[in-house]
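Asks: here is my input; please provide its structure:
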Amino acid sequence: MTEKHEPDVLDEVIEEVHDVVSDFLNREAAPGILLMGATILALIIANSPLDTLYDHLISMPVQISAGTWAIDKPLLLWINDGLMAVFFFHVGLELKREVCEGELANPKDIVLPAAGAVGGMALPALIYVGINWDNPVAIAGWAIPAATDIAFALGILALLGSRVPTSLKVFLVTLAIIDDIGAIVIIALFYTENITAGALYIAAGCLLLLWQMNKRNVVDIPPYVFVGIILWVAMLKSGVHATLAGVVLAGFIPMRDEKDESYSPVTRLEHGLNGSVSFAILPLFAFANAGISFGNISPEGIFHPVTFGIFLGLVVGKQVGVFGFCYLMVKLKLAKLPDDLNFKHIYGCALLCGVGFTMSLFIGGLAFEQTGINQIFDERVGILAGSLVSACLGYMVLRLVGETPSDNTDVASNASKFTGNTVK
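Replies: So this is what the prediction gives:
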């Protein structure tokens, strides 16, 4: 007779913890919450007795070498130049999918969010430039408040649940995608170092090889990854910012297999990287870059034109730029609001666009990491403060607005009028 044993208590606890973690990770707000948690953790450690350990950790030298060739960078730059290249690769895959088959495929569907994106990049930059016009070094940070953090913004929107129409999420996603395109162009044009011709020739050879692979319908992923790594190293050595290798590589990944239209390398890679980017790379980036020691902040630093310009750009410039441009487009009859949205929704969304965080921190590092000017101030103070205020204001406004009467009828149907696609 077989003896029956009671279930092991430890197994039950592990299973329960697994269920809780799985449920959290499947929530739409999870990436934004993790980003917030990583930021808070970095701030706590940077202002505790462990602050020296934190500084040593992110400045720890990491080297990869082969013979006389070597890449020697502190851990912080491996995160910012290496892991963020994977993030930009993921962004590039999303852009390609949206342009080929998604919300950016039909130009008529993107007029309103595109106008908001342009206004949301232009006005914050103008506010910053206006405040820092007389400082030729500080002016390098003009693009910092022009960015929008899609993970944070969507996370906040997800916390509101059914209080906001589905088409508002579609509007925000489309706007953020166009904003990402703008950020990529800005980085490529304005934040590159001295160009090294030899490495640039190698990068050009990689592009030619990728083009041939794409033309010959090579759909296997490993060859693209191998060439992409060489491209990343070449761009790192060339002076063009290495993260752009990720965007360029994504552009050459085939959208569909010509022999099997049901298979999409772009979609497969995008879905495969979702978890790594959302739950590892971005939180790690936030942890490594958000550790501000408040003991080193002086009143002069808080009200420094750079810090103040970033704060005003995110809090004031974003909301006025996004909302103002959208309002003008509708009033000029160049665009139309979706049936289940009103201008209160657009205004609340415009406030959320002031959450710059990830991209703002990234551009801030490019603008000031080698100038030494950030010894006088810390641009991260303006980014964190502006993002926090924008997040709180956007959440409160959208919570107060709630749903319009038409939302309760057929939100998905109304949203499809905006995108030209079925909302899933």
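Asks: next one, pLDDT for M1 please.
Replies: We have a pLDDT of 49 for M1.
Asks: that should have said F24, apologies.
Replies: Note for F24: predicted pLDDT of 61.
Asks: kindly report the same for the one 5 residues further on.
Replies: Looking at A29, its pLDDT stands at 70.
Asks: quick check: it touching G155?
Replies: Yes - counting by CB atoms under 8 Å, G155 is a contact partner of A29 at 4.4 Å. Just so you know, the C-beta spots here come from the backbone N, C-alpha and C atoms, and that holds for glycine as well.
Asks: between these two, point out the one with more neighbours.
Replies: G155 (24 against 19; other CB atoms under 10 Å).
Asks: which other helices and strands does the particular helix or strand that has that one in it contact?
Replies: For G155, the host element (DSSP states H and E) is helix 150-159. Helix 150-159 sits against helix 30-46, helix 166-190, helix 343-352, helix 357-368, helix 379-401, with contacts defined as 3 or more CB pairs under 8 Å, 6 or more residues apart in numbering; DSSP states H and E.
Asks: I'd like the next helix or strand past the first one.
Replies: Scanning forward in sequence from helix 30-46, with DSSP H and E defining helices and strands, the next element found is helix 51-58.
Asks: how far does the next helix-or-strand element following that following helix sit from its chain's centre?
Replies: Going down the chain from helix 51-58, the next helix or strand is strand 61-66, by DSSP H and E. In this view, strand 61-66 has its centroid 28 Å away from the chain centroid, taken as CA atoms, centre = their mean, to the nearest Å.
Asks: what is strand 61-66 packed up against?
Replies: Packing contacts for strand 61-66, counted by 3+ CB pairs under 8 Å, 6+ apart, involve strand 69-74.
Asks: ok, the residue most central in space within the chain - contacts?
Replies: Centroid-nearest residue in the chain: D149, 4.7 Å away (criterion: CA atoms, centre = their mean). Listed by CB atoms under 8 Å, 6 or more residues apart in numbering, the contact set of D149 reads L35, V355, G356, F357, T358, M359, S360, S387.
Asks: for those, give me JSON lines that also has neighbour count and distance to L104.
Replies: Formatted as JSON lines, those follow (neighbours: other CB atoms under 10 Å; distance: CB to CB, whole Å):
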{"residue": "L35", "neighbour count": "25", "distance to L104": "25"}
{"residue": "V355", "neighbour count": "31", "distance to L104": "22"}
{"residue": "G356", "neighbour count": "31", "distance to L104": "22"}
{"residue": "F357", "neighbour count": "32", "distance to L104": "24"}
{"residue": "T358", "neighbour count": "25", "distance to L104": "21"}
{"residue": "M359", "neighbour count": "26", "distance to L104": "19"}
{"residue": "S360", "neighbour count": "31", "distance to L104": "23"}
{"residue": "S387", "neighbour count": "27", "distance to L104": "26"}
